[in-house]
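Enquirer: Provided below are the primary sequence and the corresponding predicted coordinates.
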Amino acid sequence: MTRIDTRFAETAREGRAALVTFVMGGDPDLETSLALLKALPEAGADLIELGMPFTDPMADGPAIQAAGLRALAAKTTLTKVLALVADFRKSAAATPVILMGYYNPIYVYGVARFLDDAKAAGVDGLIVVDLPPEEDSELCLPALDAGLDFIRLATPTTDDARLPAVLAHTAGFVYYVSITGITGAATPDYGKVGAAVARLKQHTALPVAVGFGVKNAESATAIAKVADGVVVGSALVDALRKSLDEEGHATSASVAAVTDLVRDLAAGIRKAAREPV
């Protein structure tokens, strides 16, 4: 079993959803980013998605776009993101780390080299939002061969005819996008989310984690009642942004601004009674 499999099995035994937290690698600088990564598990994060900054993040809303620009301004590269994971692994052996972003930086890095270096650094999985199933030979299949889970997104517009292609080579978990649109753009309809998760579970035995639009402990709790995982990104990135000084630099409050919210989210999720799906 991979670290991702193990963690979802653990949270299932506990009768609760997993908290999946997203932060942008290198935001607002590499030192703060590493400190935040190290603090997330203790604050209650079960899995960590680490963003790979990119200049044209088409699926991301303003908060994550701004985080990527801050990271790029701090001269964060894919090589440095992998180094963050390697440094994190020195003190955190069990928490799964998933790199999330777009294919262009990986393509430029070189797929074979990237997969070797990602595995060596301690990366567990990939979410690459702009590679459809028709392009699985480009990265998905090589990643699976390298021992990395390739996590695919399903959306409200993914119908039953399209779903088998989406799920064919998905590993680790299925990421269900709860709204139609960009990250952080709206609040999901929780009734529709529950029905969507139930439909997905008719087609896969993988855990289903739900993200996009989860902003606070209340919304996380609502999602946790019907899903195997709750993904929170924009709210955490925005909490970090609000802690920065006028020049966009980290302050003494920056790490705590994020981890305090993570603790609230984790507490809400742990209180949620799981409903059968």
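Expert: Now that the structure is in, tell me what you want to look at. Numbering: from 1, shown residues only.

Enquirer: make it CA atoms for all contacts and neighbour counts henceforth
Expert: Noted.

Enquirer: tell me which stretches of the stretch 51-200 of the chain form helices.
Expert: Defined through DSSP state H, counting those that start in this stretch, the helices belonging to the stretch 51-200 of the chain, from first to last, are 62-73, 78-89, 103-109, 111-121, 140-145, 163-167, 190-201.

Enquirer: lowest-confidence stretch among those helices?
Expert: When those are compared on average pLDDT, helix 190-201 comes out lowest at a mean of 90.

Enquirer: rewinding a little: for Leu261, which of the helices of the stretch 51-200 of the chain is the nearest?
Expert: Between Leu261 and the helices of the stretch 51-200 of the chain, the shortest separation by Cα to Cα is 15.9 Å, and it involves helix 62-73.

Enquirer: show me what counts as buried in that closest one.
Expert: Residues Ala63, Ile64, Gln65, Ala66, Ala67, Gly68, Leu69, Arg70, Ala71, Leu72 are the ones in helix 62-73 that count as buried (16 or more other Cα atoms under 10 Å).

Enquirer: helices and strands around that helix, which ones?
Expert: Helix 62-73 makes packing contacts with strand 18-24, helix 234-243 when contacts are defined by 3 or more Cα pairs under 8 Å, 6 or more residues apart in numbering; DSSP states H and E.

Enquirer: let's go with 7 Å and repeat that
Expert: Taking 3 or more Cα pairs under 7 Å, 6 or more residues apart in numbering; DSSP states H and E as contact, the helices and strands that helix 62-73 lies on are helix 234-243.

Enquirer: can you name the next helix or strand after the helix it packs on?
Expert: helix 254-271 (DSSP states H and E).

Enquirer: chain center to that next one: distance?
Expert: For helix 254-271, the distance between its averaged C-alpha position and the chain's averaged C-alpha position is 16 Å (Cα atoms, centre = their mean, to the nearest Å).

Enquirer: what angle sits between it and helix 234-243?
Expert: Computed by axes from the mean of the first three to the mean of the last three Cα atoms, to 10 degrees, the angle separating helix 254-271 from helix 234-243 equals 150 degrees.

Enquirer: now do helix 254-271, average pLDDT.
Expert: 96.

Enquirer: equivalent analysis for stretch 35-44, please.
Expert: Averaged across stretch 35-44, the pLDDT comes to 98.

Enquirer: buried residues of it, list them for me.
Expert: Of the residues in stretch 35-44, those buried (16+ other Cα under 10 Å) are Leu36, Leu37, Lys38, Ala39, Leu40, Pro41, Ala43, Gly44.

Enquirer: now the fifth one, nearest residue through space, not along the chain?
Expert: So the one you mean is Leu40. Distances taken as Cα to Cα, 6 or more residues apart in numbering place Thr259 nearest to Leu40, at 6.3 Å, with adjacent residues excluded.

Enquirer: tell me, how many residues neighbour that neighbour?
Expert: 23 (other Cα atoms under 10 Å).

Enquirer: same deal with Asp159?
Expert: The criterion is other Cα under 10 Å. On that basis, Asp159 has 11 neighbouring residues.

Enquirer: quick one: residues contacting the residue most central in space within the chain.
Expert: When Cα atoms, centre = their mean is applied to the chain, the residue found nearest the centroid is Glu49 (3.3 Å). Contact criterion Cα atoms under 7 Å, 6 or more residues apart in numbering gives Val20, Thr21, Phe22, Val23, Val97, Ile98, Leu99, Met100 as the residues in contact with Glu49.

Enquirer: circling back: select, out of the helices of the stretch 51-200 of the chain, the one closest to Glu31.
Expert: Nearest to Glu31, of all the helices of the stretch 51-200 of the chain, is helix 78-89, at 9.1 Å by Cα to Cα.

Enquirer: which parts of that closest one are buried?
Expert: Within helix 78-89, the residues that qualify as buried are Leu78, Val81, Leu82, Ala83, Leu84, Val85, Ala86, Asp87, Phe88, Arg89, counting by 16+ other Cα under 10 Å.

Enquirer: mind checking how far the third one is from Phe114?
Expert: Think Leu82. Distance of Leu82 to Phe114, computed by Cα to Cα, to the nearest Å: 9 Å.

Enquirer: thanks a lot, catch you later.
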